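> Here is a sequence with its predicted model. Questions after.
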Amino acid sequence: MLNKLIQVTKQLLAFQLLALCWSCQSQPDSLSQIFQDLENQEGLEGKTEYLNSPFAAAGDRMYLVGHQDGTFPDLGWHVEGEMGGIWLHPIKLMDGFSAQLSINGQAQCLENAQKFTNYPYSNVVHYGEVAKGLTVDRLHFVPDGREGMVVLYRFENIGASESNFDFSWNAQVDLRPVWLGEENGMNDKEDQISFNELTGTFTAKDQRNEWFAVWGTEAGIPINPRESVCDFEAKGKGGAAAFAVNIQIPAQSELVVPVFIAGSTESELKAMETLADLRENLSNDWYEKKNRYQTIFEAAQIDIPDKQLQKAYEWTKYNTDWLVREVPGMGRGFGAGMPDYPWFFGVDSEYTIQGLIATGRKDLVYSTMELIHNLSEKTNGNGRIIHEASTNGVVFNPGNINETPQWVSTVWEVYRWTGDREFLEKYFPSVEKGLKWLLEENDEDGNLLADGYGMMEIHGLESEMIDVAAYSYKAFADAAKMAEILGKTQLSESYQQTSETLKEKINSDFWVEEFGSYADFIGTAEEALHLIDGAIIRADTLDKPWAVAELEATKAKLSTLPKDQKQGFVLYHNWVVNTPMEVGVADVDKANIALETAKKYTNPFGTFVTGIDRDESAELEEGSFTGSQVFSYTGAVMTLPTGVSAIGESKYGNPDGALNYLQRMTRSFGFALPGSIYEVSPDYGMFTQAWNLYSYAVPIVTQFFGIQPDAGNKVIHIRPQMPSEWESASIQKVQIGENEVSITYQKSEDQLILEVEQSQKKWGLSIEIPESYQQVKVLGKEVSSDTQNGFRRILMTGAKVRVEGKQ
């Protein structure tokens, strides 16, 4: 340990000694090259009116959340006012930082930036011309796999004479635990800050815990501690410390000043080692991350006529990567959203994984599933999947009812894409335990409809929910397939029978003809009357007279029923009534009626979470969603319900309807944060959200392009179902098992051409086109051909195949 400390100190001392000859050495090439490289990439510029809203610069260990204008106001409600700043989970390092320029004796803070530009793995705050002839930009970059980050300030002298000024940088430290920290002994104490003249670095330590933050600048820049500048009020038990440097820039020149920030939950030595690594490896870190993001871009890369939708799909892949958290002692997975949900969720993972596996992120899928599985086993041990866990390992909610059947289907979906039998064998025990728990502990009346909270977190809405029923149907159907593969034939038959019984119940007991919709829930009239009073208050408070009138009429009818009579009730028109179409359990006739009904509960951005929150002018609404003072989803339109609506439309043969929902959702793309889509449309709640990837990737990859993998049998089923206006589209580098597939689609008035390339030429490609194309030409090795459900199905092999159909 002592030798390591001496080595790191010598390295940092060498940097400090080089500072003595700063005036005789040039700006390090790597710093200027980073700005130059970024300027050659496509960035998305934010709106001036949204500069006072948040953004993130994220790595898998550390991330920064601040405002686009360069400030760090108190953000969030989970830990009130503390969800912004710099986080190294399970601790926070800083509330933020500020900077000041002193020119000719006049001091000014760098704040109120004029512009913000977002890039896939970096972002820049543009302060503009802060003094005559002097412009300033601030860049944030968080490398992969490091417990640190860098902030680069670029000073450009565009004037005709030398610019000479003092630059001061102020760290607002707040070493504190994550949400629920007190439940496992993470108790916050005051922070102490010190400056090491030998190494030219600052260190902050929590007095009670081995939590450290260290920071400093680059070799060649002599720094001096000074009193704090541009302080901002912050909560917590932290403190502030600043340093100052003198800067001289010749005319028509620029200088980049870096600030390196590192942290540790183990020791000061480890934090200092990270700081040294950041300084030494910045250029390599930058290009490694750039290359990794290029891989993300190329995986399942699409080219479609709707370029705004294409861009939203592309950036949603990046958004999900911003949420990846590597937490020592817990594992690697993605959080649900920022700033308030950076930790781990069962159901958010279950939706998102379906988009991740379709877009080539098998590594992240596997690590996240292991993390959720381990937390669930430790907390429950009976197959129940947890709902929410903080990054310190404390589980807040052991699991809502829907999360366990959705886990089952997630295991099956991943197997379909990977064909990994070891994966299936590893998780099938949790499938068996989970389905047993679902019905043995949550189905009091034994009718196969589990009771309890599903996706809708409305107080009291915890009887037999439609989403729990729909996801249970799919879970048993998927479990039957898995059991058959694993040689558990009797269990498979039992699961399949349960699935078929649930299908019958969903299409009979849950269907409410009067409303043309599946019920929100099944319960007794007494339960419904209790809930309806709350719904009336909600609708009246939100000034929705149509909903109040409908609910009053329903209440009058319910009052005539026996109190203990059970039936399906439509009270809220919650988005979950669309889940039977999402999973394909709805009878075709009922599905068409229900999908038409669902359109009533939309606005230009998508589907309402709760339909009674809609008003009659919803189609005319534009602009921001106005949320409550206390965080709430009341009145909200959200991306997940909108994605579910799109998937349901495609599932029942209406890709144009699906496209309409995707285009509504895409109106939120870049609305407030360039390159991101808020959780609540268009600009409320989490500014980036994991399950958005489900809402884009599943309808586009698996439905529009029609890719349905069967990796275990080395067969890929392809039945494109494109929007009618799309005459050409392509998707490249779709990873299915060890195979990589690309598809090109072309359609004219009377002709359809499909080309498919695959890296594993012996795999089967089952290509389906409508029977209306009676003249079919096949280029490739045809194995068999038949017709089924109005489609001609051609099974082929080969590295490249082509099917031409003519009407």
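Structure's in. What do you need? None of the values given here were measured: they were computed from a predicted structure.

> tell me what the longest helix along the chain is packed against?
With secondary structure taken from DSSP state H, the chain has its longest helix at helix 268-298. Packing partners of helix 268-298 (3 or more Cβ pairs under 8 Å, 6 or more residues apart in numbering; DSSP states H and E): helix 2-18, helix 29-39, strand 134-141, strand 148-157, strand 201-206, strand 212-216, strand 253-264, helix 307-322. Glycine gets a C-beta too; all of them are placed from N, C-alpha and C.

> Packing partners of the shortest one?
In this structure, strand 212-216 packs against strand 163-177, strand 201-206, strand 253-264, helix 268-298, with contacts taken as 3+ Cβ pairs under 8 Å, 6+ apart.

> I'd like those written out as CSV, with mean neighbour count and distance to Gly452 added.
Formatted as CSV, the helices and strands packed on strand 212-216 follow (neighbours: other Cβ atoms under 10 Å; distance: least, Cβ to Cβ, whole Å):
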stretch, mean neighbour count, distance to Gly452
strand 163-177, 23, 31
strand 201-206, 23, 40
strand 253-264, 22, 40
helix 268-298, 18, 37
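
> Export the ones you listed as TSV, with columns for distance to Gly331.
Formatted as TSV, the helices and strands packed on strand 212-216 follow (distance: least, Cβ to Cβ, whole Å):
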stretch	distance to Gly331
strand 163-177	19
strand 201-206	24
strand 253-264	19
helix 268-298	20
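
> can you tell which of these is closest to Lys237?
strand 163-177 (7.0 Å; Cβ to Cβ).

> Glu129 touches Phe155, doesn't it?
No: applying Cβ atoms under 8 Å as the test, Glu129 and Phe155 come out as separate, 11.4 Å apart.

> sorry, back to before: most tightly packed of the helices and strands packed on helix 268-298?
Among these, strand 212-216 has the highest mean neighbour count (mean count of other Cβ atoms under 10 Å), at a mean of 28.

> would you turn the helices and strands packed on strand 212-216 into a markdown table with mean pLDDT?
Listed next are the helices and strands packed on strand 212-216 as a markdown table, based on pLDDT from 0 to 100:
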| stretch | mean pLDDT |
| --- | --- |
| strand 163-177 | 95 |
| strand 201-206 | 96 |
| strand 253-264 | 96 |
| helix 268-298 | 96 |
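
> dump the residue contacts of the residue nearest to Thr642 when sequence neighbours are not counted.
Nearest residue to Thr642, sequence neighbours excluded (Cβ to Cβ, 6 or more residues apart in numbering): Gly606, at 3.1 Å. Applying Cβ atoms under 8 Å, 6 or more residues apart in numbering to Gly606 gives the contacts Val637, Met638, Thr639, Pro641, Thr642, Ser645, Tyr661, Arg664, Met665, Ser668, Ser681.

> Next: Leu175.
Taking Cβ under 8 Å, 6+ apart, one finds 91-93, 188, 191, 204-206, 209, 211-213, 238 in contact with Leu175.

> relative to its centroid, which residue of this structure is most remote?
Centroid-distance maximum for the chain: Ser161 at 48.1 Å, with Cα atoms, centre = their mean.

> That residue: which element?
If you go by DSSP states H and E, Ser161 is not part of any helix or strand.

> The residue nearest to Thr642 and Thr639: what is the separation?
7 Å (Cβ to Cβ, to the nearest Å).

> Overlap of the contact sets of those two?
Met665, Ser668, Ser681.

> Is the second one in contact with Glu679, as I believe?
So the one you mean is Ser668. No: counting by Cβ under 8 Å, Ser668 does not reach Glu679; the two are 9.6 Å apart.

> what residues are up against Ala658?
Counting by Cβ under 8 Å, 6+ apart, the residues that Ala658 touches are Ala646, Ile647, Glu649, Ser650, Pro699, Gln703, Phe704, Pro723.

> thinking again about what came up before, with distance to Gly393 as extra columns, can I get the contacts of Leu175 in JSON lines?
Formatted as JSON lines, these follow (distance: Cβ to Cβ, whole Å):
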{"residue": "Ile91", "distance to Gly393": "13"}
{"residue": "Lys92", "distance to Gly393": "17"}
{"residue": "Leu93", "distance to Gly393": "20"}
{"residue": "Asp188", "distance to Gly393": "17"}
{"residue": "Asp191", "distance to Gly393": "23"}
{"residue": "Ala204", "distance to Gly393": "24"}
{"residue": "Lys205", "distance to Gly393": "23"}
{"residue": "Asp206", "distance to Gly393": "19"}
{"residue": "Asn209", "distance to Gly393": "16"}
{"residue": "Trp211", "distance to Gly393": "16"}
{"residue": "Phe212", "distance to Gly393": "21"}
{"residue": "Ala213", "distance to Gly393": "22"}
{"residue": "Gly238", "distance to Gly393": "24"}
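
> Show me where the stretch 601-750 of the chain has its helices.
639-651, 655-666, 692-697 (DSSP state H, counting those that start in this stretch).

> Tell me which residues of the first one come out buried.
In other words, helix 639-651. For helix 639-651, a neighbour-count test (16 or more other Cβ atoms under 10 Å) marks 639-651 as buried.

> Out of those residues, which is nearest to Asn392?
The nearest member of the buried residues of helix 639-651 to Asn392, counting by Cβ to Cβ, is Leu640 at 26.7 Å.

> Now do the phi/psi pair for the closest residue to that closest one other than its chain neighbours.
Using Cβ to Cβ, 6+ apart and skipping residues adjacent in sequence, the residue nearest Leu640 is Trp691, 5.2 Å away. Trp691 adopts backbone torsions of phi -70, psi 0, taken as degrees, to the nearest 10.

> which residues touch Trp691?
Each residue near Trp691 by Cβ under 8 Å, 6+ apart is listed here: Ala336, Asp348, Tyr351, Thr352, Gly355, Thr639, Leu640, Gly643.

> would CSV of those residues with distance to Trp315 and pLDDT be doable?
Shown next, in CSV, are the contacts of Trp691 (distance: Cβ to Cβ, whole Å; pLDDT from 0 to 100):
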residue, distance to Trp315, pLDDT
Ala336, 18, 98
Asp348, 19, 98
Tyr351, 18, 98
Thr352, 15, 98
Gly355, 13, 98
Thr639, 13, 97
Leu640, 17, 97
Gly643, 15, 98
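
> between these, which is nearest Ser624?
Thr639 (15.6 Å).

> Do I have it right that the closest one meets Ser668?
Yes: assessed by Cβ under 8 Å, Thr639 is found in contact with Ser668 at 7.2 Å.

> Could you list the low-pLDDT ranges of this protein?
1-28, 219-220, 616-623, 627-630 (pLDDT under 70).

> Break it into its domains for me.
2-294, 299-505+572-702, 521-571, 705-806 (automatic domain parsing).

> wait, doesn't Ser228 sit right on Phe243?
No: look at Ser228 against Phe243 with Cβ under 8 Å: they stay out of range, at 10.5 Å.

> of those two, who's got more company?
Using other Cβ atoms under 10 Å, the more surrounded residue of Ser228 and Phe243 is Phe243, with 24 against 16.

> and the helix or strand hosting the more buried one, which strands flank it?
Per DSSP H and E: Phe243 is located in strand 239-249. Applying DSSP bridges, strand 239-249 is found paired with strand 163-177 (antiparallel), strand 224-226 (antiparallel).

> Which of these sits closest to Gly685?
Among those, if distance is taken as Cβ to Cβ, the winner is strand 163-177, at 23.5 Å.
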